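Chemist: how does the following fold in three dimensions:
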Amino acid sequence: MSEIQRNTPLISQLLDTWIKGETSEEYTLANYANAAAIIFQNVSAVNWAGFYLYHSETNTLALGPFLGKPATALITPEKGVVGKAFTTQETIVVPDVRAFSGHIVCDVDSNAEIVIPITTANGQKIGVLDIDSTELSRFGKQEQTDLEHFVQTLLQYVNAI
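Modeler: Here you go, the predicted model:
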């Protein structure tokens with residue numbers, strides 16, 4: 001095993017292997033869908049995993065591929081955890097969603113959330129990865145690091161929609 005593989009989170013390795021195995025490198029929507037499925041199936045205590053993708057014409061984040069209960073279709077920047085993470089371009093970890101002012105409730109069973117911005121190396125804001133859990137304080141520093149790496153891996157295979 002190479003040094004790079006040893007230091008790459010398993011979840012990122014799964015994504016990279018799946019996309020290459022499917023030879024879907026050029027199929028952005030399919031890659032977002034499989035990325036959501038990989039998280040949903042391989043990260044414990046997750047009840048929603050998916051993407052909100054930015055549309056500059058309408059200045060909204062539109063619901064993209066996801067797994068979980070139905071969710072809010074459109075979110076404006078700065079609204080809720082999704083909008084705030086997109087606007088600040090920083091990962092937001094919320095240990096208890098009920099304590100986050102302005103949290104947008106889609107599933108009453110969700111208790112914790114992590115939202116990671118998806119931004120290209122040249123600064124183009126694509127959207128966010130949003131993950132919810134039924135467990136309070138579900139997402140720690142290691143999950144944050146692993147999921148940020150996952151987004152960087154995904155960026156190799158997606159374009160703005």
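Chemist: mind showing which ranges of the protein have poor pLDDT?
Modeler: 1-6, 160-161 (pLDDT under 70).
Chemist: check contacts around the spatially most central residue of it.
Modeler: Closest residue to the average C-alpha location of the chain: L129 at 1.6 Å, with C-alpha atoms, centre = their mean. Shown in contact with L129 (C-beta atoms under 8 Å, 6 or more residues apart in numbering): A35, I39, A49, G50, F51, V115, I116, I118, L147, F150, V151, L154. In short, each C-beta sits where N, CA and C put it, glycine included.
Chemist: could you list which of those belong to strands?
Modeler: Residues of those located in strands (DSSP state E): A49, G50, F51, V115, I116, I118.
Chemist: those helices in this protein, which residues are they?
Modeler: All helices of the chain, identified by DSSP state H, fall at 3-7, 10-22, 28-42, 80-88, 141-155.
Chemist: sorry, back to before: got a markdown table for the ones in strands among the contacts of L129, with distance to P70 too?
Modeler: Shown next, in a markdown table, are these (distance: C-beta to C-beta, whole Å):
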| residue | distance to P70 |
| --- | --- |
| A49 | 14 |
| G50 | 11 |
| F51 | 15 |
| V115 | 18 |
| I116 | 22 |
| I118 | 22 |
